[in-house]
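The following comprises the amino acid sequence and a computationally predicted model.
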Amino acid sequence: MKSLLVLWSAIFFLSSSYAKEHMVVIESMKFEPKELTVKKGDTITWINKDFFPHTATSLKNFNSKGIPAGKSWTYKANTVGQFPYKCLFHPPMKATLIVE
Amino acid sequence: MSSAFAAHVAAGPTDPEIAHIVVTANTIDINAGKVAEKKGTTKEVRAFAERMVTDHSAVNKQAGDLAKKLGVTPMDNDTSKSLMKGADENMKKLKELSGKAFDKQYVDHEVAYHEAVLNAIDKTLIPSAHNAELKALIEKVRPAIAAHLEHAKGMQASMMK
């Protein structure tokens, strides 16, 4: 039982330590990259390099709300799927997050 | 756009004049947006107006900070005067109208206005700007104007249905 517990702890530790950090840059009214594929458990940080606030919003999944100019917002991808998202303030700004 | 604007555009404004045009163009849209934030009949129109106020205020702050940093005093010019004349005419109509007629006037003008500003950015402001930082600021703002135009056109199309 104890060895099983140690084994599960090791697996958990290893899978957590492989979680990656990704970045999406918001600049010139675009999300770059426009399509990002990550693994479940990875984190994604959106950095706003434009002059004005933006959002990264996938209705029902994630919503950064307003990210001010120069600021960032981080999301941990705990749900698998394909998530089209957009900026609520600027409807033409669209991108996709894929969580595997 | 008026012939005075076209002529001035053809001659090529100086950097102080460009700075004045940028601030004037932003201020015009901020002022129209402040009216539409309150008078727009739909959530969509009011949200767009709020966006215009926020975004154009942010650009004006950047432009003002840059002008200060470069020691450039914005200089009034025929283009700015022409923009202000058009703005005064639009504001007069916005104050007189209400309901759907207001929304139509506001959105139609926003489409035409952003088209004209985008055209001026591409044909005149970017090519004429001498200072690299001023040119870079206008280049960085261009996508926002294009996005505003696309947003406004989308609203205009849905209002025609």
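It's in.

Report pLDDT for B:Asn77.
pLDDT for B:Asn77: 93.

which non-adjacent residue is nearest it?
Spatially, and ignoring its direct neighbours in sequence, B:Asn77 is nearest to B:Glu17 (4.2 Å; CB to CB, 6 or more residues apart in numbering or on different chains). Heads up, the C-betas are built off the backbone N, CA and C, glycines and all.

does that neighbour sit in a helix or strand, and which one?
In this structure, B:Glu17 is located in helix B:15-39 according to DSSP states H and E.

counting contacts, what elements does that helix pack onto?
For helix B:15-39, the elements it packs on are helix B:43-70, helix B:78-96, helix B:99-120, helix B:132-160, judged by 3 or more CB pairs under 8 Å, 6 or more residues apart in numbering or on different chains; DSSP states H and E.

got those as CSV, with distance to chain A and mean neighbour count columns?
Shown next, in CSV, are the helices and strands packed on helix B:15-39 (distance: least, CB to the nearest CB, whole Å; neighbours: other CB atoms under 10 Å in any protein chain shown):
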stretch, distance to chain A, mean neighbour count
helix B:43-70, 4, 18
helix B:78-96, 21, 16
helix B:99-120, 12, 19
helix B:132-160, 4, 18
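
Distance-wise, check B:Thr124 relative to A:Asn78.
50 Å (CB to CB, to the nearest Å).

out of those two, which sits in the busier spot?
B:Thr124 (20 against 10; other CB atoms under 10 Å in any protein chain shown).

and the more buried one, that's in a helix?
Yes. Counting by DSSP: H, G, I helix; E, B strand; the rest coil, B:Thr124 falls inside a helix.

surely it meets B:Gly12?
Yes. At 6.7 Å, B:Thr124 counts as touching B:Gly12 under the criterion of CB atoms under 8 Å.

For the residue most central in space within chain A, give me its contacts.
In chain A, the centroid-proximal residue (CA atoms, centre = their mean) is A:Ile44; its distance is 3.1 Å. A:Ile44 sits next to A:21-24, A:36, A:38, A:74-75, A:77, A:97 when contact means CB atoms under 8 Å, 6 or more residues apart in numbering or on different chains.

re earlier: surely the residue nearest to B:Asn77 touches B:Thr73?
No. The pair B:Glu17 and B:Thr73 does not pass the contact test of CB under 8 Å, sitting 10.6 Å apart.

I'd like to check the angle between the helix holding B:Glu17 and helix B:132-160, please.
30 degrees (axes from the mean of the first three to the mean of the last three CA atoms, to 10 degrees).

Pull out the buried positions in helix B:15-39.
B:15-33, B:35-37, B:39 (16 or more other CB atoms under 10 Å in any protein chain shown).

Tell me the confidence at residue 53?
In the absence of a named chain, this looks at chain A. 95.

The intended chain is chain B.
On the pLDDT scale, B:Val53 gets 97.

Grab the nearest non-local neighbour of it.
That would be B:Gly33: by CB to CB, 6+ apart, it lies 4.1 Å from B:Val53.

Need the helices and strands packed on helix B:15-39 in CSV (columns: distance to A:Glu32).
Converted to CSV, those look like this (distance: least, CB to CB, whole Å):
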stretch, distance to A:Glu32
helix B:43-70, 19
helix B:78-96, 33
helix B:99-120, 22
helix B:132-160, 12
